[in-house]
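Student: Quick one, what's the 3D model for this:
(one chain, ligands or ions: 1)
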Amino acid sequence: MTRLNAKDGLVLTVPVVTGHQDFTGDTMTLISLALQRADLVRTQNFIAGQWRDAGLSASYNVSDPATGEQFARVPDSTAADAHDATDAAQNAFEPWRFTPARERAAILKRWHALIVEHSEDLARLMSREQGKPMPESRAEVLYGAAYVEWFAEEAVRTYGDIIPEQVRGRKMMVVLEPVGVVAVITPWNFPLAMIARKLAPALAAGCTVVAKPAEDTPLTALALVRLAENAGVPAGVLNIVTSSRAAAPALVNDWIIDPRVRKVSFTGSTEVGKLLARGSADTLKKLSLELGGNAPFVVFDDADVDAAVEGLVISKFRNSGQTCVCPNRVYVQDAIHDVFSEKLAARMKTMRVGPATRDESQIGPLINERAVEKVERHVKDAVSKGAALLLGGTRVRNDVANGPFYFAPTLLANATADMMLFGEETFGPVVPLFRFATEAEGVRAANDTQFGLASYFYARDVGRISRVAELLQAGIVGINVGAVSTEVAPFGGVKESGYGREGSRRGIEEYMQTKYVCLGSS
Ligand code: SIN
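Tutor: Model prediction:
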C-alpha cells in the first residue's frame, strides 16, 4: 500500500503494489506495479493550474481489470466542473496563443523528456488500470511520447503562404491560427497515447484544452497532465476532469453546447461520434473523430503465409484485441486457407494469458465485464450460425489468470457475413476466418462494411499489390505488415470511421484555422 503525499490536499491510501503473491507458477517472473514517483498517482481534477476535487466532491472507483479490485477513487465531475475547465481554458487562450512557437515547443520538449524519464511509472500505472501486459504499456508510453516530440517540432513549422502579387501594391497572405479552446475526449484502450496525440498538437498549435479521459483509465491521463505541469505548461492551458460513465454525457454536453469550445477531438465509438457531431452542429465546431473500425485482413494466395500469420498475430492480439485498428475479419484465399489456419492455430497456442504482473503475459484481461460479455456474445452467435471453433472460445480462469475478465485467444473458421462479428468490432482476442475465391471477391468482402479505418493485406504480386491498395476503402492500408501506427504518418479513417487525421505533418492543422489577410497599398 502506498500512502500518497498530502501536499496537494488529499490523502488517499492506494494499494499500488499488487504482487499477486498467491500465484504459484514457479517459472514465472513476478513484477511489481509500485511507482517510483508516488505523486504521479493523481486523484483530483486539474483546472486553472490547481488540483481539486469535483465541485460536489463526488467520486467513483477505478478498478484493476486483472482482479476486479477497486484501488483508487477519482472525481465524478459534473457539467459545472466542465464549465470551470472551459473558463480556465478560455482565460488562458490569448496568452498561450501569443506565446512564441519556439517557447511552446520548448515546453513540449520538456514534457516529452519527462514522459520518457518516468516511462516505467507511467507504464505500471497504465497496466494497473488498463490491464495490458507491461511490454505493451512500455511501448505505448514511448509511442505517446513520440507524438509529443513530433508536435514540439511541428509547433515551429505552421507556415502559411504569401500569394504572388495579383494587383500592384496589394499584399495577400494566408496565416494559420489556433482554433481556440479544444475539448479532448479519449478512450480506455490506449490511456496515454490517445490523449498525448491530441494534447500535443493542440498545445503546439497554440490552443488551450479541456480534457476528459475514459472512465476506466483516468489515472494514466492524470499522471501525464502532472508531467505537463512539471514541464511548465502554464495554468489554464491544459485542464482535465474525470467522470464516471453515468456522469459523462452531462459533462461533455456542457462543452458541446458552449460556443467558446471551438473544436472537439474524440476517439471512441461511431455511435458517440455521431452524437458529438450532431451536438456540435449548433455551434459549428471543428471536429476530429477517430471512430470504430472493422478492419479486414486479407491473405491472398501469393502471400508469404508465415509472414502473414506473424503479421496477423502482431496486429490482432495487441492490447488483447482491443484496438480500433486490429483485424476484425480475416479473409484467406482458398488455395492457402487450410495451411494458414493450421499455422495460425499453432502460433496462437503459444500465447500466454495472464496479468501485467507476470513478465510472460501476452494477453491481458479485457477491460471490464461488458467487454467480455460482448466477446462471448459474438463467439456464441458465430458458432450458432455454423462457425467451427478451432481454439479458445471461453473465459480463462486459473492460478495465473486469476480474475473475471480473461478470454482465451480464439480461432473460428467458416465465418460468414450473417454473423455479428462480421458487422461489429468484437474488441477481443477472437480471429474469425472467412474464405474467398478470387481477388475481386476478397476486395469486395473487405470493403463490405460501413467502417474504413485500417485494412491489411498480404500478397507478393506487384500488380495485385498496387490494384488492391488502390481499391481498399480505408484511411490506413498495411501491406505485408501488421503494425502501422506511428507519429510520422496520418492516422484516421474514412466512411463511418470518422474524419480528421492524427500525427504526421497534417496533424497540427486539425487544431488551426486559415485566415486570409489582404493588405491594400494606401
Ligand atoms: C486505437 O485503437 O484507437 C488506436 C491504435 C493505434 O494508435 O495504433
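
Student: Which strand or helix spans the residue of the stretch 1-150 of the chain found nearest the ligand?
Tutor: For the stretch 1-150 of the chain and the ligand, the shortest gap (Cβ to the nearest ligand atom) falls at Tyr143, measuring 7.2 Å. Using the backbone N, CA and C atoms, a C-beta is placed for each residue, glycine as well. Tyr143 belongs to helix 134-154 when assigned by DSSP states H and E.

Student: partners of the helix or strand just after that helix in the sheet?
Tutor: Next in sequence after helix 134-154, counting helices and strands by DSSP H and E, comes strand 161-163. Strand 161-163 has the following sheet partners, assigned by DSSP bridges: strand 171-178 (antiparallel).

Student: For the strand it pairs with, C-alpha coordinates in PDB please.
Tutor: Presented in PDB, the C-alpha positions along strand 171-178 are these (Å, rounded to 0.1, in the frame of the first residue of the first chain):
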ATOM      1  CA  LYS A 171      -0.200  42.000 -50.500                       C
ATOM      2  CA  MET A 172      -2.000  38.800 -49.800                       C
ATOM      3  CA  MET A 173      -1.100  36.400 -47.000                       C
ATOM      4  CA  VAL A 174      -2.500  33.200 -45.600                       C
ATOM      5  CA  VAL A 175      -1.900  32.500 -42.000                       C
ATOM      6  CA  LEU A 176      -2.800  29.600 -39.800                       C
ATOM      7  CA  GLU A 177      -4.100  30.400 -36.300                       C
ATOM      8  CA  PRO A 178      -5.100  28.200 -33.400                       C
END
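
Student: buried stuff in that strand?
Tutor: Using 16 or more other Cβ atoms under 10 Å as the test for burial, strand 171-178 gives Leu176, Pro178.

Student: Using the three-state scheme, assign the closest residue to Leu40 other than its chain neighbours.
Tutor: In space, and not counting its chain neighbours, Leu40 is closest to Ala223: 4.2 Å by Cβ to Cβ, 6 or more residues apart in numbering. Classification of Ala223 using DSSP: H, G, I helix; E, B strand; the rest coil returns helix.

Student: Could you pick out the residues of the protein near the ligand for me?
Tutor: When proximity is defined by Cβ under 6 Å from any ligand atom, the chain lies next to the ligand at Asn189, Phe190, Ala193, Thr267, Thr323, Cys324, Val325, Ser485, Phe491.

Student: Go through those and give me the one with the most neighbours.
Tutor: Neighbour count (other Cβ atoms under 10 Å) singles out Phe190 as the most crowded of these, with 29 neighbours.

Student: correct me, but that one touches Cys324?
Tutor: No: here Phe190 does not reach Cys324: they are 9.2 Å apart, not a contact under Cβ atoms under 8 Å.

Student: the strands in the stretch 51-200 of the chain, which residues?
Tutor: Assigned by DSSP state E, counting those that start in this stretch, the stretch 51-200 of the chain shows strands spanning 59-63, 70-75, 161-163, 171-178, 181-185.

Student: out of those, deepest packed?
Tutor: Per residue and on average, the most neighbours among those fall to strand 181-185, with a mean of 27 (mean count of other Cβ atoms under 10 Å).

Student: Walk me through which strands it pairs with, and which way each runs.
Tutor: Looking at strand 181-185 with DSSP bridges, its partner strands are strand 208-212 (parallel), strand 261-267 (parallel).

Student: Can you say which of the ones you listed is nearest to Leu344?
Tutor: strand 261-267 (29.2 Å; Cβ to Cβ).

Student: how many neighbours does Pro100 have?
Tutor: Counted with other Cβ under 10 Å, Pro100 comes out at 11.

Student: Tell me how far Ala221 lies from the ligand.
Tutor: Here the criterion is Cβ to the nearest ligand atom, to the nearest Å. By it, Ala221 lies 15 Å from the ligand.

Student: ugh, wrong one, I meant Ala228
Tutor: Taken as Cβ to the nearest ligand atom, the span from Ala228 to the ligand is 20 Å.

Student: Just give me the neighbour total for that residue.
Tutor: 26.

Student: Wait, it touches Trp111, no?
Tutor: Yes: counting by Cβ under 8 Å, Trp111 is a contact partner of Ala228 at 5.2 Å.

Student: Arg397: how many residues sit nearby?
Tutor: Neighbour count for Arg397, taken as other Cβ under 10 Å: 13.

Student: dump the residue contacts of it.
Tutor: Contact analysis of Arg397 by Cβ atoms under 8 Å, 6 or more residues apart in numbering lists Gly403, Pro404, Tyr406.

Student: Is it correct that it falls within a strand?
Tutor: No: going by three-state DSSP, the assignment for Arg397 is coil, not a strand.

Student: Can you identify each of the strands in the stretch 401-522 of the chain by residue range?
Tutor: Applying DSSP E, counting those that start in this stretch to the stretch 401-522 of the chain gives strands spanning 410-413, 430-436, 454-458, 476-479, 498-499, 512-519.

Student: For Val477, name its beta-bridge partners.
Tutor: Applying DSSP bridges, one finds that Val477 bridges with Ser455.

Student: switch to numbering from 2
Tutor: Okay, residue one is now 2; in that scheme the one you just asked about reads as Val478.

Student: Please list all residues in contact with it.
Tutor: Val478 neighbours (Cβ under 8 Å, 6+ apart): Ala455, Ser456, Tyr457, Phe458, Ala470.

Student: Now, of these, which are buried?
Tutor: Ala455, Ser456, Tyr457, Phe458.

Student: Just send the residues you listed back as a markdown table, with pLDDT too.
Tutor: Formatted as a markdown table, these follow (pLDDT from 0 to 100):
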| residue | pLDDT |
| --- | --- |
| Ala455 | 98 |
| Ser456 | 98 |
| Tyr457 | 98 |
| Phe458 | 98 |
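
Student: Would you check which pair of these lies furthest apart?
Tutor: Pairwise distances across the buried ones among the contacts of Val478 (Cβ to Cβ) peak at 11.1 Å, for the pair Ala455 and Phe458.

Student: where do the contact lists of the two overlap?
Tutor: Going by Cβ under 8 Å, 6+ apart, residues that sit against Ala455 and also against Phe458 are Val478, Gly479.

Student: hang on, the residue of the stretch 2-151 of the chain closest to the ligand packs against Ala484?
Tutor: No: Tyr144 lies out of contact with Ala484 (Cβ under 8 Å); the separation is 10.4 Å.

Student: Contact partners for Val376?
Tutor: Val376 neighbours (Cβ under 8 Å, 6+ apart): Leu367, Phe408, Thr411, Thr427, Phe428, Gly429, Pro430, Val431.

Student: which residue sits closest to the fifth one in space, ignoring its chain neighbours?
Tutor: Closest residue to Phe428 apart from its sequence neighbours, by Cβ to Cβ, 6+ apart: Gln323 at 5.1 Å.

Student: who touches the one you found in this structure?
Tutor: Listed by Cβ under 8 Å, 6+ apart, the contact set of Gln323 reads Asn190, Leu367, Ile368, Ala372, Phe428, Gly429.

Student: Could you dump those residues into CSV and include pLDDT?
Tutor: CSV is the format used below for the contacts of Gln323 (pLDDT from 0 to 100):
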residue, pLDDT
Asn190, 98
Leu367, 98
Ile368, 98
Ala372, 98
Phe428, 98
Gly429, 98
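
Student: Just to be sure, which of those are found in helices?
Tutor: Per DSSP state H, helices hold the following members of the contacts of Gln323: Ala372.

Student: out of the contacts of Gln323, who's nearest the ligand?
Tutor: For the contacts of Gln323, the closest approach to the ligand (Cβ to the nearest ligand atom) belongs to Asn190, at 5.5 Å.

Student: looking at the strands paired with strand 182-186, which is buried most?
Tutor: It is strand 209-213: most buried of the strands paired with strand 182-186 by mean count of other Cβ under 10 Å, with a mean of 28.
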